[in-house]
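In: give the three-dimensional model of this entry:
(chains A and B)
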Amino acid sequence: MRPRITYRAGSSLLHRLHPLVKGGWLIWGTLFVFIVPGPLPVLSLLGLLSVLGGHARLPLGKLRGARLFILTALALATLQILFSRDGPVLLQVGSLTITQPGIEAGVYVAGRFIAVILMSFLFVLTTDPNALAYALMQTGLPYRYGFALITALRLVPLFEQEGQTVYQAQLARGVRYDTRSPRRFVTLGRQFFMPMLVSALSKVDSLAVSMEGRCFGKHPARTYLRQVRFTLLDRSALIALLISTALIILRILLL
Amino acid sequence: MSLIELQDLTFCFPGRPRPALCDLTLQIDAGEFVVVTGPSGCGKSTLALAIGGYLFQQYDGESEGNLYVAGLDVRNSPVYDVAEMVGLVQQNPEAQFCTLTVQDEVAFGLENRCLPPDEIRQRIAWVLDAVSARHLQDRALATLSGGEKQKVAIAAALAAEPRVLILDEPTSNLDPTATEEVLRVIAHIRENGVFGPQGDPGREVLTVIVVEHKLDFLRPLRPRQIRMADGCIVGDGPLPGQPPDHILPLPKAHRAGAARESRVRVEGLVAGYNGQPVLDDVNLEINASELVAVMGDNGSGKTTFLQTLLGLLRPSAGRIEVLGRDIRTTPVSQIAQDVGFVFQNPDHQLFAESVWDEAVFAPRNFECLDGEVRTHAEVLLAESGLGERHAEHPYRLSYGEKRRLNLVSILTYRPRLILLDEVLIGQDPANAAWLMGLLREQVAEGAAVVMVNHNPEITLRYADRLVFFAAGQIRVDAPPKAAFQQLAMLGYNAYVCTPADQRKLEVWPV
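Out: As a prediction, the model looks like this:
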């Protein structure tokens, strides 16, 4: 099975970057690919992202869903190439006309799409979600919301596993999922979600007991043992981010 | 005044005919070590929730009487205030973790109390030492074994330096090795005391209350035993140093004749998840009228093995023949009609809206629900004590009743192979006796039973064979007595029914 798109521990430049600074760069990059007018800056960004991904030793091409994204990008590029007919013609076979602007538009659209996906992959694969939650809380996010994120991160894999068990238990009792009847489909849904709901409620009960029993919510603020530190690297990256953002704003204003 | 004082305490959950706690009067002094015992559903966990203050603040219900901890009126105090004195560790460690790593988990309660980071660091080191888990400090919780998780949960509760530590069936989800580890930690806490990170010997000795079925490891510590039944205290005194003569109040077991028809044949089985093999070169044959107990540490491949027998998990190599059919080429829906599979958690396998519909759920799906099956289902429900409760929703049943219904719902269609994954977890001896008696009847009628379990006495008394898994391979496959000898030689002592226990069991008719 292909690896899932989830955090992979490491010590690369991206891994070491403060989660919020990295998040800032992710937003900047997304805006950048939609603001720049031609394919060249997008391709340059793609090159940079590939280098960063390689440096972080991430198996980007092997990830679950990667093939689907590549095929989607190719489809987007093909549509642009086939339907852009203005400008110098590079190739004409029958009714098929391929123009230079068509190729540029194809590369531009597909490049934007791949760049946004790649940046998101890099962010998810190199950011410890726990560190992200603690960084948000230490930056001012009320800790109740921060722990809601941590709880979700903890419970989602458990629910996934339980869903699999319920499905297997149903197969073992002769439940058949190959139905086309909408009524039967509703019944199947109810029979699947009822055990899941009961299990979720019981987990929430246990968790509530555990959290309150450890004084969660007693005080408006709390201390943190885990400090997400702001290093020299983070300061430099933040300054670079601010300068780049200023340049983008300047460009928008000048155009 | 005692540290914990209950005065005529009664608590009734809404819609329940009987109170969960009934007129309880009890005093527990500082430094006492108390074990609470009793059958499933007798109110042990409710008592634990009451002393921790949760019952009155987080659950709907009517209460009467008084409950004080160190003079604090628990019924009318927020959980936070009670939590400063009482730490509660629940049954399932997985469900009570609030963070993702060991260090964060132990720090969680201390951070909520706004302690400075340096003090938190000091307490983490002390408390992880106290539960022999210092080496786990930097690990992610998801990577820990069951026993390690429970140790971390105990450490997290102890870190707040409570005056009372309550452990609610802390070993019920654990294999014997992990159970021994956790009970050793409890013994260590009792014997050496917990004097805080500063090691202040003048501190009050921690009061420990353990809700537990497995008492043998705790006997040398001479705890006080509080026995409960139907929400009432029915006994209060020192736990006897020796177990009673008849450890298992089990009915007569039926041994079957020597039918040798093959039910399962496994050759060179390799199977696993995400490309990681869990089972490696497993070879086994199981015949009709055989009850095979499968034992082994958590993660050794027992559940994976059961899943491959029904085709729920496809093997990556090897051959499995179940009831003469090759599992690789037969759809699960076809095999399932002859194979009954009861999973570990009763709540994961209740799909219908009444006890009766649940009992006939599978026969209805297999389109074999005729008069004979209906009669069989009625008989099974009556024998399991659910005969009067056909119309009730299965989720309204107690844990033990749900377990019985799980078993009934697969026996109604008379499967020839029965697969059971830790069905005895959380069962008191009476429930376990009923389940095992029913299984022996199936074996006597020609069914083969493969049962994952952690109880050596049950295995010795009821199983024809013990198959022991370690690291995905079968290490021992022999009749129970011979298997115990082999396991003892391999160092798996926690799984061994001692010769003394064996002699006591031999008194019982087999």
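In: residue ranges with poor pLDDT in chain B?
Out: Judged by pLDDT under 70, chain B has its weakly predicted residues at B:192-204, B:243-259, B:498-510.
In: what of the stretch 51-200 of chain A?
Out: Scanning the stretch 51-200 of chain A for pLDDT under 70 picks out nothing.
In: element containing whatever residue of it ends up closest to chain B, please.
Out: Closest residue of the stretch 51-200 of chain A to chain B, Cβ to the nearest Cβ: residue A:174 (3.2 Å). For the C-beta atoms, the positions are set from N, CA and C on the backbone; glycine is no exception. If you go by DSSP states H and E, residue A:174 is not part of any helix or strand.
In: up against chain B, what does the stretch 1-150 of chain A have?
Out: A:1, A:129-130, A:147, A:150 (Cβ under 8 Å from any Cβ of the partner chain).
In: those residues into a markdown table, with extra columns for neighbour count, secondary structure and distance to residue B:95?
Out: Formatted as a markdown table, the residues of the stretch 1-150 of chain A next to chain B follow (neighbours: other Cβ atoms under 10 Å in any protein chain shown; DSSP: H, G, I helix; E, B strand; the rest coil; distance: Cβ to Cβ, whole Å):
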| residue | neighbour count | secondary structure | distance to residue B:95 |
| --- | --- | --- | --- |
| A:1 | 8 | coil | 27 |
| A:129 | 17 | helix | 20 |
| A:130 | 21 | helix | 19 |
| A:147 | 21 | helix | 16 |
| A:150 | 22 | helix | 15 |
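In: which two among the residues you listed are spaced furthest apart?
Out: Pairwise distances across those peak at 31.2 Å for A:1 and A:147 (criterion: Cβ to Cβ).
In: would you map the helices across chain A?
Out: Along chain A, counting by DSSP state H, helices occupy A:13-16, A:19-35, A:39-55, A:66-83, A:100-126, A:129-138, A:143-172, A:182-212, A:232-254.
In: so which bits of the stretch 401-510 of chain B are right by chain A?
Out: Near chain A, when you scan the stretch 401-510 of chain B using Cβ under 8 Å from any Cβ, you find B:409-410.
In: just say helix, strand or coil for residue B:218.
Out: Put simply, residue B:218 is helix when judged by DSSP: H, G, I helix; E, B strand; the rest coil.
In: surely it touches residue B:37?
Out: No. Using Cβ atoms under 8 Å, residue B:218 makes no contact with residue B:37, being 10.3 Å away.
In: shared neighbours of those two, anything?
Out: Counting by Cβ atoms under 8 Å, 6 or more residues apart in numbering or on different chains, the common neighbours of residue B:218 and residue B:37 are residue B:212.
In: one step back: the residue of the stretch 51-200 of chain A closest to chain B reaches residue B:337, doesn't it?
Out: Yes. At 6.7 Å, residue A:174 counts as touching residue B:337 under the criterion of Cβ under 8 Å.
In: okay, and the common contacts of the two?
Out: Shared contacts of residue A:174 and residue B:337 (Cβ under 8 Å, 6+ apart): residue B:366.
In: now do the end-to-end distance for stretch A:52-63.
Out: One end of stretch A:52-63 sits 16 Å from the other (Cα to Cα, to the nearest Å).
In: repeat that for stretch B:138-148.
Out: End-to-end distance for stretch B:138-148: 13 Å, by Cα to Cα.
In: contacts for that stretch?
Out: The contact list for stretch B:138-148, computed with Cβ under 8 Å, 6+ apart, reads A:154, A:157, B:93, B:97, B:99-103, B:105, B:133, B:136, B:149, B:152, B:173-175, B:177-179, B:181-182, B:297-299.
In: now the spatially closest residue to residue A:245 that is not a sequence neighbour: how far from residue A:246?
Out: The shortest distance from residue A:245 to any non-neighbouring residue, by Cβ to Cβ, 6 or more residues apart in numbering or on different chains, is to residue A:28 (6.1 Å). Using Cβ to Cβ, to the nearest Å, residue A:28 is found at 11 Å from residue A:246.
In: of those two, who's got more company?
Out: The neighbour comparison of residue A:28 against residue A:246 (other Cβ atoms under 10 Å in any protein chain shown) goes to residue A:28, with 16 against 10.
In: quick one: the more buried one and residue A:240 touch, right?
Out: No. Between residue A:28 and residue A:240 there is no contact under Cβ under 8 Å: 9.7 Å.
In: residues near residue A:25, how many?
Out: Number of residues near residue A:25 (other Cβ under 10 Å) recorded here: 21.
In: count of residues packed around the residue nearest to it when sequence neighbours are not counted?
Out: Leaving aside its chain neighbours, residue A:25 sits nearest to residue A:241 (5.8 Å; criterion: Cβ to Cβ, 6+ apart). Residues contacting residue A:241 under the criterion other Cβ under 10 Å number 16.
In: in terms of pLDDT, where does residue A:241 sit?
Out: If you check residue A:241, the pLDDT there is 95.
In: what do you get for residue A:10?
Out: 89.
In: so how far is residue B:228 from it?
Out: 53 Å.
In: likewise for residue A:160?
Out: Taken as Cβ to Cβ, the span from residue A:160 to residue B:228 is 37 Å.
In: please identify which of these two sits among more neighbours.
Out: A count of neighbours by other Cβ under 10 Å puts residue B:228 above the other of residue A:160 and residue B:228, at 23 against 9.
In: how about the nearest residue to the more buried one, chain neighbours excluded?
Out: residue B:38 (3.6 Å).
In: okay, now residue 40: neighbour count?
Out: Reading this off chain A. 13.
In: I was after chain B.
Out: Using other Cβ under 10 Å: residue B:40 sits among 19 other residues.
In: which residues touch the nearest residue to it once chain neighbours are set aside?
Out: Nearest residue to residue B:40, sequence neighbours excluded (Cβ to Cβ, 6+ apart): residue B:400, at 4.1 Å. By Cβ under 8 Å, 6+ apart, residue B:400 lies in contact with B:39-41, B:426-428, B:431.
In: nearest to residue A:138, out of those: which one, please.
Out: Using Cβ to Cβ, residue B:426 is the member of these that lies nearest residue A:138, at 40.9 Å.
In: which residues of the stretch 1-150 of chain B lie near chain A?
Out: By Cβ under 8 Å from any Cβ, the residues of the stretch 1-150 of chain B that approach chain A are B:49, B:52, B:54, B:57-58, B:79-80, B:83-84, B:86-88, B:90, B:92, B:94-101, B:103-104, B:107-117, B:120-121, B:124, B:141-142.
In: in strands, which of the residues you listed fall?
Out: Among the residues of the stretch 1-150 of chain B next to chain A, the ones falling in strands (DSSP state E) are B:86-88.
In: between the residues you listed, which is closest to chain A?
Out: Among those, residue B:88 lies closest to chain A (Cβ to the nearest Cβ), at 5.4 Å.
In: list the contacts for that closest one?
Out: A:209, A:213, B:48-49, B:52, B:54, B:157, B:166, B:168.
In: contacts only, for the closest residue to residue B:352 other than its chain neighbours.
Out: With Cβ to Cβ, 6+ apart as the criterion, residue B:352 has its nearest non-adjacent residue at 4.1 Å, and that residue is residue B:358. Residues near residue B:358 by Cβ under 8 Å, 6+ apart: B:350-352, B:394, B:405, B:409.
In: would you list the residues you listed in JSON lines and tack on secondary structure?
Out: Formatted as JSON lines, the contacts of residue B:358 follow (three-state DSSP):
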{"residue": "B:350", "secondary structure": "coil"}
{"residue": "B:351", "secondary structure": "coil"}
{"residue": "B:352", "secondary structure": "coil"}
{"residue": "B:394", "secondary structure": "helix"}
{"residue": "B:405", "secondary structure": "helix"}
{"residue": "B:409", "secondary structure": "helix"}
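In: right, and the pair among those residues with maximum separation?
Out: B:351 and B:405 (11.3 Å).
In: now residue A:238. Nearest residue, chain neighbours left out?
Out: Using Cβ to Cβ, 6+ apart and skipping the chain neighbours, the partner closest in space to residue A:238 is residue A:21 (5.3 Å).
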